[in-house]
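> Everything below, folded, please.
(one chain, ligands or ions: 1)
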Amino acid sequence: MARRPLVARSVPALRTIVSRYRAKRETVALVPTMGALHDGHLSLVRAARKRARRVIVSIFVNPAQFAPTEDFKTYPRSFDADLAMLAAHKVDLVWAPSVAVMYPADFSTKIAPGGPALVGLEDKFRPHFFGGVATVVSKLFLQTAPDFAIFGEKDYQQLKVVTRMARDLDLPLRVIGVPTVREKDGLAMSSRNAYLSPSERKIAPLLYRVLKDTAAAIRAGASLSATVAQGRGAIETAGFTLDYLEARHAETLLPAQFAKDGPLRLLVAAKIGKTRLIDNIRV
Ligand code: PAF
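This is a model prediction of the structure:
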């Protein structure tokens, strides 16, 4: 049976273990997660394993990145199953603080990211989100002091925000992005896919099909604005409530009018029933 990873639940316990790695000059990679792990997370763990001698996975459902109207309370939590998956992937250490450890009662500091965090995509629909993510991720970085931090490209804007934050704050680590893992029908893996009813689950892969078709048409020289408008129509016709489908510069995430404004990334967010899905693709 695979050996279960160590589990640290307090900052001093975490630091004791990490300083043992450091004393042996072992490199460390961090995979930040909110748990409810799936194959997408495991691909991040594999990428971490390739880069570093020690792999730490954090599991923390971060209340600061949920609005009061969002799903913090019902967000899927499956700690024991997560631990078994991480054991099978030979993860060294799981950092699983409680909310009280991460945010003690008098906690009063926030990171306010700019740049790619303020471009009118996720930030427009979830204005509290990147402040919460940047604050917890900077804490996770300082707590675990990794050489590498591994994030999925599925949350593409988050990847850009965290990369910029690490650079702006001179944090001594490299942020690595890992391609999205998809179900056989193209749906991007996400812990929130568990919310989809069977009929919604059937419709959900349309988002990726639209991304692929739109990217192919832009690459083939079709008008960017007309093609994106057509994609928006297809998503709404299928029954989604569309938040955005946008072509953006792949690094700055600023709006792009023409293919020559690239490299481009297409990003989408849409609700099917009560479940909000996001996805993106390189053009
Ligand atoms: O992508 C996530 O799971 C979360 O936003 C993260 C990066 C773990 C911060 O809570």
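> Tell me where this protein has helices.
Using DSSP state H, the helices assigned to the chain run over residues 11-23, 39-51, 79-88, 99-102, 122-125, 129-144, 156-168, 198-203, 206-219, 224-237.
> Make JSON lines from these and add mean neighbour count to it.
Where you see a C-beta, it was placed from the backbone N, CA and C, and this is true even at glycine. Putting the helices of the chain into JSON lines (neighbours: other CB atoms under 10 Å) gives the following:
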{"stretch": "helix 11-23", "mean neighbour count": "15"}
{"stretch": "helix 39-51", "mean neighbour count": "19"}
{"stretch": "helix 79-88", "mean neighbour count": "16"}
{"stretch": "helix 99-102", "mean neighbour count": "14"}
{"stretch": "helix 122-125", "mean neighbour count": "18"}
{"stretch": "helix 129-144", "mean neighbour count": "21"}
{"stretch": "helix 156-168", "mean neighbour count": "21"}
{"stretch": "helix 198-203", "mean neighbour count": "13"}
{"stretch": "helix 206-219", "mean neighbour count": "20"}
{"stretch": "helix 224-237", "mean neighbour count": "16"}
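> For those, give me JSON lines that also has mean pLDDT and distance to Ile278.
As requested, the helices of the chain are exported to JSON lines (pLDDT from 0 to 100; distance: least, CB to CB, whole Å):
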{"stretch": "helix 11-23", "mean pLDDT": "98", "distance to Ile278": "30"}
{"stretch": "helix 39-51", "mean pLDDT": "98", "distance to Ile278": "13"}
{"stretch": "helix 79-88", "mean pLDDT": "97", "distance to Ile278": "22"}
{"stretch": "helix 99-102", "mean pLDDT": "98", "distance to Ile278": "24"}
{"stretch": "helix 122-125", "mean pLDDT": "98", "distance to Ile278": "7"}
{"stretch": "helix 129-144", "mean pLDDT": "98", "distance to Ile278": "11"}
{"stretch": "helix 156-168", "mean pLDDT": "98", "distance to Ile278": "8"}
{"stretch": "helix 198-203", "mean pLDDT": "97", "distance to Ile278": "15"}
{"stretch": "helix 206-219", "mean pLDDT": "98", "distance to Ile278": "9"}
{"stretch": "helix 224-237", "mean pLDDT": "98", "distance to Ile278": "12"}
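> closest one to Ala29 among these?
helix 39-51 (3.6 Å; CB to CB).
> Need the contact partners of the closest one.
Here helix 39-51 makes contact (CB atoms under 8 Å, 6 or more residues apart in numbering) with 27, 29-31, 33, 55, 57, 85-86, 89-91, 147-148, 150-152, 154, 176, 178-181, 188-190.
> cool, stretch 221-230 as well?
Residues contacting stretch 221-230 (CB under 8 Å, 6+ apart): 214, 217-218, 245-247, 256-259, 266.
> Ok, stretch 65-80 next?
With CB under 8 Å, 6+ apart, stretch 65-80 has contacts from 34-37, 59, 61, 63, 96, 126-129, 131-133, 136, 191-192, 194-195.
> one more time with 6 Å
35-36, 61, 63, 128-129, 132-133, 191, 194 (CB atoms under 6 Å, 6 or more residues apart in numbering).
> Could you point out which of the helices of the chain sits nearest the ligand?
Comparison of those against the ligand by CB to the nearest ligand atom identifies helix 129-144 as nearest, at 4.9 Å.
> now the helices of the chain as TSV including distance to Ala67?
Listed next are those as TSV, based on distance: least, CB to CB, whole Å:
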stretch	distance to Ala67
helix 11-23	27
helix 39-51	24
helix 79-88	24
helix 99-102	16
helix 122-125	10
helix 129-144	8
helix 156-168	16
helix 198-203	22
helix 206-219	22
helix 224-237	23
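> Figure out which of these is closest to Pro113.
Using CB to CB, the helices of the chain put helix 129-144 closest to Pro113, at 4.3 Å.
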